[in-house]
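Novice: After the sequence you'll find the predicted model.
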Amino acid sequence: MPPVSPLLLDGQRLSARYNELMFLDHGYHFFAPDPGASTLTSFTMQRAGDVPLVRRIPDIEIRPRLLYHRYFMLSENIAGFPQTFQDTVYPAYARYFGDQCNATTVAVSRVLHEPSGIIRIQAGGQLDDAETFSEEPVGIYQLDATTEPREGSH
Amino acid sequence: MFAVLFRSVVSSLRNTIFAAVEAWQSFWFTPADPFLLGLIRVLTGWMLTYNLAVWSLDLEAFFSADGLQPLAAVNEFQSGRWIICFWKWVPDNWMWTAHWTCLAIAVLFLLGVATRVTSILVFLITISYSQRVPVANFGLDQVLGMLCLYLAIGPSGAALSLDAWFRKKRLARKGLPAAPVLSSSARVALRLLQLHLCAVYFWAGFSKLKGPTWWTGEAMWNVLANAEYQTIDLTWMAWIPWLPFLIAHITIAWEISFISLVWNPRLRPLILTIGMLMHLGIGAFLGMWTFGLSMTFGYLAFADSAAWRRRAELFFLPRSKSV
């Protein structure tokens, strides 16, 4: 986690192989440096002769809670991965959820859900008020064999 | 005069070095009762089995080559890194066979069967699952990896296991007493686990110092008011805002000082109790029971093995004498 000195980076490189091999290469940055907005992923699925279906992960209906958390992490963690990785993984998400409802096209968006501040709650606000959500399109994917983006993502 | 002074300094230095070496040897290698490792194994094995059972509910979605985590993308992301992950060599049509085998090994580990082998296998299984689905990882995976590593290093099957039960039967047939064997490797594993927990909390606290909201105290409110994590409505805290601020300050102070205070025998119960409360809170209020509980399993490395053995003997273990 930046900022970091070149000396510490060299130290990290020295132990990197061992840490990778033993699955110890974590910073243990739980809710750090700042716990901010949650990242959700929204899928708008166009189906032939039917109304579009909107699905969002994480979905509170997913049980048990550990599985819900796995889906939450798919959405929350993906932004921290390299863009090339995201460019492959988002179409995979689109294909997976699109196939579940025979969609022909899936529009994927990244949804940021800001935590409501204390003053907002005191004024009668709720945690899931519409204005706490903001949506940013990722791409629209045609569900064919390749699941290539139909329009440019980002 | 000068020679006397020189001899005195050398003698003092030698004594200091010998004392340091002795303290080092004692810290790492004084034989320890493997009972606590056995207890941590049972709890970790239970959590690991549950974790794998939950993967069963959506195995193909996460682990198939073209699933939510495409194998090609994961391979490219991890290229150049030294990764242990058997899943990368499992074709899709063998996925369920591999998974049920892993689940069976986890159950054997939980029961303490062939633990010398199953403990190592379970470590490889744990990190393989995590490495195959890097985006779906969270704290639970890191903690399970840590616990399984040290359980594979130490004799985690020497107590509370079928291995130990069979050993006792064999010794009984020969007319020998079945006393628990103290072991240096148990001490090494417990020490590594203790030090690892210190590192986890130190970095968890230190990294929070980079965030302004942890300094203002708002961070804890932001965590508790996060609808995606929250399992119990805590918005009532908005009317007593000093409470989340206080919890934030205590969290930071506790995480950063854990590394030093936990070694003080008088403070240890207090430090571990605060940690237990924090992790139970993470389970109850943020819905991460698996992560919260797994962290507390590691606390047993700081426990008094004689006291825990006495408690166990009181309820379900036959009384024994150490050798």
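Specialist: Right, received. Where do you want to start?

Novice: use CA for all of it now, contacts and neighbours both
Specialist: Will do.

Novice: neighbours around the closest residue to chain B within chain A, how many?
Specialist: Nearest residue of chain A to chain B (Cα to the nearest Cα) works out as A:Pro33 at 4.2 Å. Residues contacting A:Pro33 under the criterion other Cα atoms under 10 Å in any protein chain shown number 20.

Novice: Is it in a helix, a strand, or coil?
Specialist: At A:Pro33 the chain is in coil, as set by DSSP: H, G, I helix; E, B strand; the rest coil.

Novice: That one touches B:Gly205, doesn't it?
Specialist: No: no contact is recorded between A:Pro33 and B:Gly205 when judged using Cα atoms under 8 Å, the distance being 9.4 Å.

Novice: Give me the common contacts of these two.
Specialist: Residues touching both A:Pro33 and B:Gly205 (Cα atoms under 8 Å, 6 or more residues apart in numbering or on different chains): none.

Novice: Looking at chain B, which helix is longest?
Specialist: Secondary structure of chain B per DSSP state H: the longest helix is helix B:2-29.

Novice: who does that one touch, helix- and strand-wise?
Specialist: Identification of packing neighbours for helix B:2-29 by 3 or more Cα pairs under 8 Å, 6 or more residues apart in numbering or on different chains; DSSP states H and E yields helix B:184-208.

Novice: What are the contacting residues of whichever helix or strand comes after the helix it packs on?
Specialist: Once helix B:184-208 ends, the next helix or strand along the chain (criterion: DSSP states H and E) is helix B:212-216. Counting contacts by Cα under 8 Å, 6+ apart, the residues outside helix B:212-216 that touch it are A:Pro33, A:Asp34, B:Lys208, B:Leu209, B:Ala219, B:Met220, B:Phe245, B:Ala248, B:His249, B:Ile252.

Novice: out of those, which are buried?
Specialist: Buried members of the contacts of helix B:212-216, scored by 16 or more other Cα atoms under 10 Å in any protein chain shown, are A:Pro33, A:Asp34, B:Lys208, B:Leu209, B:Ala219, B:Met220, B:Phe245, B:Ala248, B:His249, B:Ile252.

Novice: Between all of the residues you listed, which two are at the greatest distance?
Specialist: A:Pro33 and B:Phe245 (16.0 Å; Cα to Cα).

Novice: what's the distance between B:Glu313 and B:Ser305?
Specialist: Counting by Cα to Cα, to the nearest Å, the gap between B:Glu313 and B:Ser305 amounts to 12 Å.

Novice: The helix or strand B:Leu293 falls within to helix B:184-208, inter-axis angle?
Specialist: Secondary-structure element containing B:Leu293, defined by DSSP H and E: helix B:289-297. What separates the directions of helix B:289-297 and helix B:184-208 is an angle of 120 degrees, with axes from the mean of the first three to the mean of the last three Cα atoms, to 10 degrees.

Novice: Any buried residues in the host helix or strand of B:Leu270, and which?
Specialist: Under DSSP H and E, the secondary-structure element containing B:Leu270 is helix B:268-286. Of the residues in helix B:268-286, those with enough neighbours to count as buried (16+ other Cα under 10 Å) are B:Arg268, B:Ile271, B:Leu272, B:Gly275, B:Met276, B:Met278, B:His279, B:Leu280, B:Ile282, B:Gly283, B:Phe285, B:Leu286.

Novice: ok, and the closest non-adjacent residue to the second one?
Specialist: Leaving aside its chain neighbours, B:Ile271 sits nearest to B:Val262 (6.2 Å; criterion: Cα to Cα, 6 or more residues apart in numbering or on different chains).

Novice: and the one you found, what does it touch?
Specialist: By Cα under 8 Å, 6+ apart, the contact list for B:Val262 reads B:Arg268, B:Ile271, B:Leu272.

Novice: can you put those residues in CSV and add pLDDT?
Specialist: Below are the contacts of B:Val262 laid out as CSV (pLDDT from 0 to 100):
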residue, pLDDT
B:Arg268, 97
B:Ile271, 97
B:Leu272, 97
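
Novice: Would you mind checking which of these is nearest to B:Lys88?
Specialist: The nearest one, if we look at these relative to B:Lys88 and count by Cα to Cα, is B:Leu272, at 39.2 Å.

Novice: and the closest one, what is it in contact with?
Specialist: Contacts for B:Leu272 were tallied using Cα under 8 Å, 6+ apart; they are B:Val262, B:Tyr299.

Novice: buried set for stretch B:76-92?
Specialist: B:Ile83, B:Ile84, B:Cys85, B:Trp87, B:Lys88, B:Val90.

Novice: Enumerate every residue touching the third one.
Specialist: Read it as B:Cys85. Neighbouring residues of B:Cys85 by Cα under 8 Å, 6+ apart: B:Leu124, B:Ile125, B:Ile127, B:Ser128, B:Tyr129, B:Gln131, B:Arg132.

Novice: circling back: export the contacts of helix B:212-216 as JSON lines, with columns for distance to B:Ala227.
Specialist: What follows is those, written out as JSON lines (distance: Cα to Cα, whole Å):
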{"residue": "A:Pro33", "distance to B:Ala227": "19"}
{"residue": "A:Asp34", "distance to B:Ala227": "16"}
{"residue": "B:Lys208", "distance to B:Ala227": "21"}
{"residue": "B:Leu209", "distance to B:Ala227": "24"}
{"residue": "B:Ala219", "distance to B:Ala227": "14"}
{"residue": "B:Met220", "distance to B:Ala227": "13"}
{"residue": "B:Phe245", "distance to B:Ala227": "19"}
{"residue": "B:Ala248", "distance to B:Ala227": "18"}
{"residue": "B:His249", "distance to B:Ala227": "22"}
{"residue": "B:Ile252", "distance to B:Ala227": "23"}
